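> For reference, the sequence and a predicted model appear below.
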Amino acid sequence: MPAQCPEIIAELIKKAQSDALRPFSLSSFFSDKPLEEVFKRIDRTMRFFSVYVLMELLDEKLWEDDRYTEKQEVHLCSRVEEEARKYWWDRNREHLKLIDERIESLKIHPEYKDMKEGDLRDKVIEDLNREIYPEMIERLKEEYQWMYEDEWEEYWKKEDPFKDRIEYRYHRRYEMPPPFNHWDDRNAWQQYYFGKDREGIFRYAQGGSGGSGQRYNHGFYGHLFALLNSEKPVPTYFFTYDSHNSFVFDRKENGLWLNPVHLIGNFQIDRKESEKILRGVNRIDRRRGQSGSRIAQSNFCTNIPADVVNRLVEEEFHKG
């Protein structure tokens with residue numbers, strides 16, 4: 001529990017710890033109930049408030065500290081195999097046709113007539129990949145020559161594009177109190193919409209930018225709470241999940257504050273109508289955040305010289 005936690009938030013957290021929170025379920029990305037209808041029928045005796053949580057960048061020194069992150073080992077195919085798969089991804093129809101033709105051909109072959117179709121399919125896919133290995137190897141050699149120039153053979157030998165790879169993924173820990181610990185690591189911020197009814201039951205919805213459902217929620221409930229705010233101020237509580245994974249209470253505002261990102265889009269509303277509804281709402285300044293994961297590969301791309309990285313970035317910049 002954060003220090004100096006407001007009473008209503010402390011009560012909310014206590015209820016969430018005993019799994020006593022309920023979803024609002026007033027509208028969703030799939031049901032799309034009219035905003036005006038929901039606003040007309042919503043229980044005005046509820047105590048409405050919003051909570052905005054900003055995610056700071058994790059301190060760079062802490063990414064490999066297991067108190068702050070979780071480390072995941074992921075096994076990947078070789079670079080040559082990866083290039084072969086990419087080749088067929090770009091030729092999906094041709095690939096599927098070839099697979100079906102070869103499976104039918106193998107079914108009548110004495111050696112494979114008793115093999116299960118799933119195993120036959122795996123064999124055909126593997127065979128098709130290996131048939132294009134020579135072309136993929138040449139592609140990779142050209143890539144290495146471009147990236148490493150005179151030193152490409154040294155990196156080719158060192159990174160061994162024929163070898164399966166191991167990738168380490170670091171996922172940030174979200175040790176916030178519930179319900180805020182259900183964090184989508186694509187988000188740099190999340191905004192929550194709460195209502196406490198006469199029986200003391202909390203209902204809520206969560207908005208953010210990480211997925212279509214979250215964006216819809218932020219738009220729908222942001223506009224709904226803006227309408228409620230026009231009748232009676234809806235307070236907003238600001239928290240930060242800081243660079244050392246501490247959940248910090250920042251301040252309370254007596255009116256509604258909204259992050260303007262994704263208020264319209266997934267939630268369909270006329271822009272002029274939206275501007276009218278949001279007229280009395282304060283806008284939260286957008287600040288840069290970071291997703292809660294990082295990747296470190298065991299080979300390839302981990303030891304690219306700084307001058308190569310700079311050249312790649314410069315070329316991408318000029319493309320734009």
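Looks like it arrived, so ask away.
> Specify the local secondary structure of the closest residue to R271 other than its chain neighbours.
Closest residue in space to R271, ignoring its immediate chain neighbours: I264 at 6.5 Å, by C-beta to C-beta, 6 or more residues apart in numbering. Any C-beta I mention is one placed from the backbone N, CA and C, and that applies to glycine too. Here I264 takes the coil state, with states given by DSSP: H, G, I helix; E, B strand; the rest coil.
> Packing partners of the helix ranked longest in the chain?
In the chain, with assignment by DSSP state H, the single longest helix is helix 212-231. Counting contacts by 3 or more C-beta pairs under 8 Å, 6 or more residues apart in numbering; DSSP states H and E, helix 212-231 is packed against helix 35-41, strand 47-55, strand 189-196, strand 202-208, strand 257-258, helix 271-277.
> immediately after that helix, which helix or strand?
If you walk from helix 212-231 toward the C-terminus, the next helix or strand you reach (DSSP states H and E) is strand 236-241.
> Between helix 212-231 and that following strand, find me the angle.
Interaxial angle, strand 236-241 versus helix 212-231 (axes from the mean of the first three to the mean of the last three C-alpha atoms, to 10 degrees): 140 degrees.
> Which is the succeeding secondary structure element to strand 236-241?
Towards the C-terminus, the helix or strand next in line after strand 236-241, according to DSSP H and E, is strand 247-253.
> Can you spell out which helices and strands pack onto that following strand?
Secondary-structure packing of strand 247-253 (3+ C-beta pairs under 8 Å, 6+ apart): strand 236-241.
> Strand partners (parallel or antiparallel) of the strand it packs on?
With DSSP bridges as the test, strand 236-241 is paired with strand 47-55 (parallel), strand 247-253 (antiparallel).
> want to try TSV for the ones you listed, with mean pLDDT as columns?
Written out in TSV, the entries for these read as follows (pLDDT from 0 to 100):
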stretch	mean pLDDT
strand 47-55	97
strand 247-253	96
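> now, of those strands, which is deepest in the fold?
Scoring these by mean neighbour count under mean count of other C-beta atoms under 10 Å gives strand 47-55 as the most buried, with a mean of 22.
> For Q145, find the nearest of the helices and strands packed on helix 212-231.
Q145 lies closest to strand 47-55 among the helices and strands packed on helix 212-231, at 40.8 Å (C-beta to C-beta).
> hmm, back to that, looking at the helices and strands packed on helix 212-231, spot the one closest to K107.
Among the helices and strands packed on helix 212-231, strand 202-208 sits nearest to K107 (C-beta to C-beta), with 49.9 Å.
> could the strands paired with strand 236-241 be laid out in JSON lines, adding distance to S78?
Supplementary listing: these in JSON lines, determined by distance: least, C-beta to C-beta, whole Å:
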{"stretch": "strand 47-55", "distance to S78": "35"}
{"stretch": "strand 247-253", "distance to S78": "42"}
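> Nearest to E153, out of those?
Comparing those by their distance to E153 (C-beta to C-beta), the top pick is strand 47-55, with 43.5 Å.
> strand partners of whichever helix or strand comes after that closest one, parallel vs antiparallel please.
Moving toward the C-terminus from strand 47-55, the first helix or strand encountered (DSSP H and E) is strand 69-76. When sheet partners are counted by DSSP bridges, strand 69-76 sits next to strand 165-172 (antiparallel).
> Surely G219 and P260 touch.
No. Using C-beta atoms under 8 Å, G219 is not in contact with P260; the gap is 10.6 Å.
> which of those two has more neighbours?
For G219 and P260, the more surrounded residue by other C-beta atoms under 10 Å is G219, and the numbers stand at 25 against 14.
> mind listing what the nearest residue to the more buried one once chain neighbours are set aside touches?
Closest residue in space to G219, ignoring its immediate chain neighbours: F267 at 2.6 Å, by C-beta to C-beta, 6+ apart. Applying C-beta atoms under 8 Å, 6 or more residues apart in numbering, one finds that F267 lies in contact with R215, Y216, H218, G219, F220, H223.
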